[in-house]
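Asker: Provide a 3D model corresponding to the input given below.
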Amino acid sequence: MPSSSRFAVIEKPGGPIVIREARIPSLEPGSALLRTLYSEVCGTDCHLFHGRLSGVPYPLTPGHVSVGEVVEICGELRDAEGLPFQTGEVAAFFDVHRTCGRCWHCLVAKTATRCPERRVYGITYGTEDGLFGGWSEFIHLLPGVLPLRLPRDLDPLTYIAGGCGMPTAFHAVERAGIRMGDTVAVQGCGPVGLCVAAFSAASGAARIVVLGAPGNRLTLARRFGADAALDIRTLNPVERVAAVRELSGGRGADVTIEASGNPAAIPEGMEMTRDGGVYVIAGQYTDNGPSQIHPHYHINRKHLDVRGCWGSEFSHFHRGITMMTRLSPRVPWQDMIGATYSLRETPQALEDVEQLRVSKAVIDPWKP
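Answerer: All right, here's what the predicted structure looks like:
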C-alpha cells in the first residue's frame, strides 16, 4: 500500500498554490482510501481561491467532487443499495456528509442541506485535517461518507464531466417541477446550465431556451437539448426578455432556472417568466452582491412562484448518476471538459475556468 500522498494546497485566499506531501493515515473501521482518478475544478473552487466563501479553513486542498479506485477498506464499506465494495472497484462519493439526522432541519423541514453539522470535502476541511480534498493522489473516505459505484456504462471521465454541476442541476430541475410541454428558460450555460438543459429535456420540456456566453458554450447547449441559444453579449436585457417571450407564445417561459451566478440575472429572469410561472434560483452559491427586485412588479403582480435551491442531497447525486447513464448515448457529457491538468497545473486550471476558456477543468493527480 502507498505510504504518502501528494496534493495541491491553497495556502490562503489569493494563493499561492503549492504541492505538499504527507503520510497516508491508518484507516478507522468503516473508512476507505481512494486512489484519485479525477477531480474537478469548478466555479466554487475559484471562489475558494479568492476567499469568497465564509467559514473556510486555510490552508485548503480543494476538490469536492472526485472519483477514484478503492485501494483499501477498513472493515466493511457498502453502497446505498447495501452492496459491499471490494478493492479495485471505481467509486464516486457524495462530498457532503455528517448531516446529523436529528436537528430541526433534518427531521422536520426535511432540508438536510441546511443542517448545521453538514461538512463538505474540499471546502470545510483544511489540509491539516487530512486527505479530504480531491486535488490529491489519494482521498480518505471517513466513516459515514456515502460512496456509490459507477454503473458499468458510465466511465469515470464522463461522471467527472458532470461534476458538482450535475447534482445541483438535478436539484434545480426537481425544484422547478417541470411538466411535459413546458417552455424552460435557462440563464447560464456553464456546467450547471448545460446539465439543467439536459435534465429539462428528459423531464418533458417542449422548448428549452438557454441564455449565456461565450459562443462555444452556446453551441454545446444545443447539443445538450436547447432549442434556442441566445448570446447575452449581442442582446441587451430588454431584448433577451423579448426574445424569450417571442419563443413562448408571447407569455414568457413556464419555468426559468437561474444558473449564471450573476445577481443581475434575477430581475431579468423574473421578467422573462410568464405570469403564474416558476422561477428557481440555483446559481447564487456565493455572495456576488445584491439584486434590485420590484416586489409588486416582479413577484406579486405576476403571481410568480420563486424557489431557492441550495446545494444538493444524496438523492440528487444518486438519481443524477442514473440519469447521466441513461442519457449518455445522446448527451455529450465529456464535451464539457476543456482540458485535463496535473497537480502542478492547478493555478492554470483555476484561471482557465475563471476566464471561461473551458467549461470544465479536470485534475488528474497522476499526470506528469
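
Asker: and the gap between Cys118 and Thr99?
Answerer: You called it Cys, but residue 118 is Arg. From Arg118 across to Thr99, the span is 5 Å (C-beta to C-beta, to the nearest Å). No exception for glycine: its C-beta is placed from N, CA and C like everyone else's.

Asker: and what of Pro116?
Answerer: Using C-beta to C-beta, Pro116 is found at 9 Å from Thr99.

Asker: More neighbours: the two, which one.
Answerer: A side-by-side neighbour count of Pro116 and Thr99, using other C-beta atoms under 10 Å, places Thr99 first with 21 against 10.

Asker: Distance check, that one against Thr111.
Answerer: Relative to Thr111, and taking C-beta to C-beta, Thr99 is found at 10 Å.

Asker: which stretches of the protein form helices?
Answerer: 43-50, 104-107, 156-162, 165-176, 191-202, 215-223, 237-246, 265-271, 314-327, 346-354 (DSSP state H).

Asker: What is the distance between the fifth one and the centre of its chain?
Answerer: Put plainly, it is helix 191-202. 12 Å (C-alpha atoms, centre = their mean, to the nearest Å).

Asker: Give me the helices and strands touching that helix, please.
Answerer: Judged by 3 or more C-beta pairs under 8 Å, 6 or more residues apart in numbering; DSSP states H and E, helix 191-202 is in contact with helix 165-176, strand 183-187, strand 207-212, helix 215-223, strand 253-258, helix 314-327.

Asker: What is the helix or strand bottoming out on mean pLDDT in the chain packed up against?
Answerer: Here the helix or strand of the chain ranked lowest by mean pLDDT, DSSP states H and E is strand 96-97, holding a mean of 90. The helices and strands touching strand 96-97, judged by 3+ C-beta pairs under 8 Å, 6+ apart, are strand 119-120.

Asker: If we use 10 Å, what do you get?
Answerer: strand 119-120, helix 314-327 (3 or more C-beta pairs under 10 Å, 6 or more residues apart in numbering; DSSP states H and E).

Asker: Contacts for the shortest one next, please.
Answerer: Looking back up the chat, that one is strand 119-120. The contact list for strand 119-120 (C-beta atoms under 10 Å, 6 or more residues apart in numbering) reads 44, 56, 64, 94-99, 125, 129, 132, 142, 144-145, 164, 311.

Asker: Try it again at 8 Å.
Answerer: Strand 119-120 is contacted from outside by His64, Asp95, Val96, His97, Arg98, Tyr125, using C-beta atoms under 8 Å, 6 or more residues apart in numbering.

Asker: doesn't Asp95 make contact with the first one?
Answerer: Yes - applying C-beta atoms under 8 Å as the test, His64 and Asp95 come out as touching, 4.4 Å apart.

Asker: Which neighbours do the two have in common?
Answerer: Shared contacts of His64 and Asp95 (C-beta under 8 Å, 6+ apart): Val120, Tyr121, Gly122, Ile123, Cys164.

Asker: how close does the first one sit to Gly133?
Answerer: Taken as C-beta to C-beta, the spacing of Val120 relative to Gly133 amounts to 10 Å.

Asker: Comparing these two, which residue is more hemmed in?
Answerer: Gly133 (29 against 18).

Asker: picking up where we left off before, right, and the helices and strands packed on strand 96-97 - which one's nearest Gly193?
Answerer: helix 314-327 (15.1 Å; C-beta to C-beta).

Asker: for that closest one, which positions count as buried?
Answerer: Residues of helix 314-327 classed as buried by neighbour count (16 or more other C-beta atoms under 10 Å): Phe314, His316, Phe317, His318, Gly320, Ile321, Met323, Met324, Thr325, Leu327.

Asker: Show the secondary-structure elements that that helix is packed against.
Answerer: strand 147-149, helix 156-162, helix 165-176, helix 191-202.

Asker: which residues sit against that helix?
Answerer: Helix 314-327 is contacted by residues 80, 92, 94, 96, 146, 148, 150-151, 153-154, 158-159, 162, 166-171, 174, 198-199, 202, 331, 333 when judged by C-beta under 8 Å, 6+ apart.
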